[in-house]
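Participant: Mind folding the following:
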Amino acid sequence: MKSRIKIIIHGAVQGVGFRPFVYRLAMEMKLNGWVLNSSQGVFIEAEGYKEVLEEFLLRIDKEKPPRSFIQSMEFSYLDPAGYNDFNIRTSDDEGSKSVLMLPDIATCPECLNDVFDPSNRRFLYPFTNCTNCGPRFSIIERLPYDRKNSTMNMFTMCEECRAEYEDPLNRRFHAQPNACPVCGPHLELWNMQGKLLESHQDAMVKLIEEIRTGKIAAVKGIGGFHLIVDARNDEAVKLLRKRKNREEKPLALMMPDIECVYKFCEVSEFEKRLLLSPESPVVLLKRRDDNSELAMGIAPDNPYYGVMLPYSPLHHILMKELGFPVVATSGNFSDEPICIDENEALSRLEGIADVFLVHNRPIKRHVDDSIVRIILDREMVVRRARGYAPLPVQIKEAQGSILAVGGHLKNNIAVSVNNNIFISQHIGDLETVEAYNAFEKVISDFENIYDVKPKQAVCDLHPNYISTYYAQSLNCPVLAVQHHYAHILSCITENEVEGDILGVSWDGTGYGTDGTIWGGEFLKVNRKSFTRFAHLRQFRLPGGEIAIKEIWRTAAGLLFDIYGEEILSDRSISSFRDIPDSKLYLLKKMLEKNINSPVTSSAGRLFDAVASITGTSSYSHFEGQAAMQVEFSAKLLNSNEAYPFRILENAAGTETEYILDWEPMVKGILNDVKNKMETGFITGKFHNTLTDMIVETVKRSGDKKVVLSGGCFQNQYLLERTVNYLTDNGFSIYWHQRVPTNDGGISLGQITAAIRNSNKE
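Facilitator: This is a model prediction of the structure:
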């Protein structure tokens with residue numbers, strides 16, 4: 001006897017060919033019924049014999065499209081409705097928005113074959129795509145994901161594209177950005193004044209000529225503009241840095257193919273897989289020793305290159321024709337969000353780009369390139385954007401809508417919808433008006449897409465963050481969450497860790513519950529809250545925030561705490577060698593009288609101080625630069641040699657706080673510097689000491705589960721050594737993978753804090 005099954009599938013099931021897959025499966029199994037997209041997911045009804053319907057259900061889960069992800073599949077059996085065939089129904093816009101939006105997906109092999117096949121009607125067409133690849137998140141205007149709800153709604157398909165789009169057996173069936181040279185978007189090349197130079201394929205030809213001659217090109221891609229120059233041209237790279245106001249921060253590279261990457265970088269199998277993955281991020285790779293062919297200014301004093309492969313047809317065409325690596329950095333002025341509109345680019349990139357390659361497919365929202373590195377044979381996402389956002393982190397219990405506004409640096413936001421926490425794409429540091437406008441736009445965007453109005457907002461505990469002001473301006477309750485607690489909760493949530501946990505949160509800056517600057521924290525975390533178990537010994541930062549860039553000041557604060565003012569006159573110490581007497585005099589007075597010299601326990605600032613004392617660096621031109629240089633300088637030998645340190649007990653109320661005293665270590669470092677020990681051995685011993693500090697503190701905690709979070713754990717040697725040593729001592733260790741360990745993970749932790757706070761009430 002025949003029956004009817006009703007199936008509701010939630011997850012990443014739109015824009016991946018899920019409906020045609022269901023249609024083909026139903027036709028093969030001779031079932032009648034229908035399938036449709038809705039705002040909640042995919043709905044299916046099918047009629048047939050029960051044993052066939054059971055097999056149908058199992059095969060959906062087993063054979064689903066490769067880019068799809070099923071979060072839940074609800075089904076029930078009903079009486080037959082008498083369907084005569086199986087068809088794909090028009091999408092349903094009604095109801096709450098809970099379907100998962102897919103990120104933008106790199107070009108699939110089949111579409112790539114079309115692009116480079118001279119007999120194919122899409123030969124060299126830069127907007128080729130199918131249900132397995134192409135833009136998604138960057139073009140969706142609202143859910144469900146249909147062409148009419150995307151920025152492709154302005155293009156009317158030609159007869160051939162329409163036939164593909166309506167054929168369930170074609171891989172372009174309901175590929176929403178489907179287009180061809182006849183009916184789709186096209187390229188134009190503009191000069192600096194916006195005057196048309198060339199269009200269509202001629203625009204690409206002319207662009208290639210300009211790049212070959214050393215010109216800086218602004219190229220509109222999927223999620224925004226790149227600034228592109230010949231990576232072999234020293235003068236062009238220097239000019240780009242000067243115009244973009246980007247002094248020393250590494251520039252990303254795009255290489256034509258994997259063979260080119262092998263030529264310039266060491267590539268493991270995990271790194272190769274990542275480079276060729278549908279996410280196609282920028283991957284941090286160890287440079288080969290001989291890189292004389294590439295410009296010195298790409299990544300100064302850095303043993304790594306940030307490398308990506310072409311991920312859209314436009315980039316594939318460009319790179320195949322060029323045949324050499326290019327710098328492909330974000331199309332923005334430093335500290336501003338990436339440009340997404342061609343007219344906006346003309347204005348904001350004025351004076352940077354010589355030519356502009358643009359197209360007329362609108363970008364709905366900015367999406368930067370993601371940055372990922374492989375540590376301990378796992379992905380570690382450093383910047384979460386294209387290819388990853390806005391896929392959610394799942395939680396067990398459904399929640400009301402909560403908005404987390406993140407921190408101040410590496411900002412992103414997050415929104416909870418039922419059992420999902422949707423994390424936005426990278427927004428950046430909220431230092432400029434443009435960045436703040438982007439921040440507001442992303443929040444509005446997420447609220448509109450998911451049709452939610454937050455019932456609660458969550459922000460950082462720092463009272464003066466712009467994101468905090470924004471949260472407090474909303475007409476809803478606001479919860480302020482301590483920065484390092486949010487870091488640890490972010491890692492706990494991503495790794496689905498349960499029970500009591502010791503969290504180690506090391507970074508540059510976070511506002512503490514005592515009003516001081518935290519950053520070298522050990523927090524005991526339970527289901528309800530946290531207590532501060534231990535922290536690095538505090539010291540002063542003369543000048544406050546300026547010490548983050550002028551790191552000799554940080555060294556001065558650290559050494560003053562040990563030796564007093566006399567040490568600041570010791571010109572044999574690298575930190576003070578080139579500092580004018582007048583500056584040192586003022587700095588002494590600041591420290592003596594405690595003027596504008598906030599107290600910190602920051603591990604990141606400890607790295608800065610060591611960078612300055614060892615002569616590795618005296619200034620930091622971008623966040624984390626000095627700490628990176630300390631990491632890169634270290635001679636990472638198979639040695640356990642380390643400096644001494646102390647763990648002190650300090651009664652804090654009813655609890656005992658441990659203080660990790662770095663004074664013996666700093667004295668040892670100074671002694672080694674004066675004895676002219678090689679810098680790499682000093683910084684190597686410094687890293688070993690930090691690991692020993694963590695291990696000894698964890699042993700005192702009584703906890704068996706340990707979470708590592710915060711920007712300092714982007715340091716490969718520190719993370720790997722810490723994980724290995726703690727694992728060897730019988731602890732269960734968790735660290736970040738798909739959610740950044742830096743402040744790009746804060747918003748996830750903020751929402752978890754709000755959920756825990758509501759559960760304890």
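
Participant: low-scoring stretches of the stretch 451-600 of the chain, by residue?
Facilitator: Low-confidence segments of the stretch 451-600 of the chain (pLDDT under 70): none present.

Participant: Quick one: the helices in it, in order.
Facilitator: Assigned by DSSP state H, counting those that start in this stretch, the stretch 451-600 of the chain shows helices spanning 466-473, 483-495, 546-549, 551-563, 581-593.

Participant: where's the helix or strand of the chain with the lowest mean pLDDT relative to the chain centroid, distance-wise?
Facilitator: The helix or strand of the chain with the poorest confidence is strand 69-78; it has a mean of 80 (mean pLDDT, DSSP states H and E). Distance, stretch centre to chain centre, for strand 69-78: 32 Å (Cα atoms, centre = their mean, to the nearest Å).

Participant: Mean neighbour count, the helices of the stretch 451-600 of the chain: which tops it?
Facilitator: Comparing the helices of the stretch 451-600 of the chain by mean neighbour count (mean count of other Cβ atoms under 10 Å), helix 483-495 comes out on top with a mean of 27. Bear in mind the C-beta positions are built from the backbone N, C-alpha and C, glycine included.

Participant: and the least confident helix or strand of the chain, which strands flank it?
Facilitator: strand 2-12 (antiparallel) (DSSP bridges).

Participant: which residues are in contact with the strand it pairs with?
Facilitator: For strand 2-12, contacts defined as Cβ atoms under 8 Å, 6 or more residues apart in numbering pick out 18, 33, 40-50, 53, 56-57, 60, 67-81, 98-102, 391.

Participant: That strand: which residues count as buried?
Facilitator: Residues 3-5, 7, 9-12 are the ones in strand 2-12 that count as buried (16 or more other Cβ atoms under 10 Å).

Participant: With stretch 280-289 instead?
Facilitator: For stretch 280-289, the buried set under the neighbour-count rule, 16+ other Cβ under 10 Å, comprises 280-285, 287.

Participant: same question, stretch 495-515
Facilitator: Residues of stretch 495-515 classed as buried: 495, 497, 501-512 (neighbour count, 16+ other Cβ under 10 Å).

Participant: Output those residues in a markdown table; the columns should cover distance to Phe264.
Facilitator: Below are those laid out as a markdown table (distance: Cβ to Cβ, whole Å):
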| residue | distance to Phe264 |
| --- | --- |
| Asn495 | 34 |
| Val497 | 39 |
| Ile501 | 41 |
| Leu502 | 41 |
| Gly503 | 38 |
| Val504 | 35 |
| Ser505 | 35 |
| Trp506 | 32 |
| Asp507 | 31 |
| Gly508 | 31 |
| Thr509 | 35 |
| Gly510 | 37 |
| Tyr511 | 42 |
| Gly512 | 43 |
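
Participant: and which of those residues is nearest to Gly604?
Facilitator: Gly508 (3.2 Å; Cβ to Cβ).

Participant: Can you name the residues in contact with the helix or strand that Leu239 is a member of?
Facilitator: Element membership of Leu239, judged by DSSP states H and E, is helix 234-244. Under the contact criterion Cβ under 8 Å, 6+ apart, helix 234-244 has outside partners 214-216, 227, 229-231, 246-247, 251, 295-298, 327, 329, 332-334, 351-352.

Participant: Narrow those to those that are buried.
Facilitator: Neighbour-count burial (16+ other Cβ under 10 Å) is assigned, among those, to 214-216, 227, 229-231, 246, 251, 295, 297-298, 327, 329, 332-333, 352.

Participant: Narrow those residues to those in strands?
Facilitator: The strands, defined by DSSP state E, take in 227, 229-230, 327, 329 from the buried ones among the contacts of helix 234-244.

Participant: how about these, which pair is most distant?
Facilitator: Using Cβ to Cβ, those span at most 13.2 Å, a distance reached by Asp230 and Thr329.

Participant: just to revisit the earlier point, would you list the buried residues of stretch 280-289 in a markdown table and tack on distance to Ile551?
Facilitator: Shown next, in a markdown table, are those (distance: Cβ to Cβ, whole Å):
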| residue | distance to Ile551 |
| --- | --- |
| Ser280 | 35 |
| Pro281 | 30 |
| Val282 | 27 |
| Val283 | 29 |
| Leu284 | 23 |
| Leu285 | 27 |
| Arg287 | 25 |
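
Participant: of all those, which two lie farthest apart?
Facilitator: Farthest-apart pair in these is Ser280 and Arg287; separation 20.4 Å (Cβ to Cβ).

Participant: thinking again about what came up before, can you flag the buried ones in the contacts of strand 2-12?
Facilitator: For these, a neighbour count by 16+ other Cβ under 10 Å gives the buried set as 18, 33, 40-48, 53, 56-57, 60, 67-68, 70-71, 73, 75, 98-102, 391.

Participant: Just the ones in strands from these, please.
Facilitator: Here DSSP E is the test, and these give 33, 42-48, 70-71, 73, 75 as lying in strands.

Participant: Would you tell me which one of those comes nearest to Ser618?
Facilitator: The nearest member of these to Ser618, counting by Cβ to Cβ, is Gln71 at 50.9 Å.

Participant: Can you tell me the closest non-neighbouring residue to that closest one?
Facilitator: Of all residues not flanking Gln71 in the chain, Gly11 sits nearest, at 3.9 Å (Cβ to Cβ, 6 or more residues apart in numbering).
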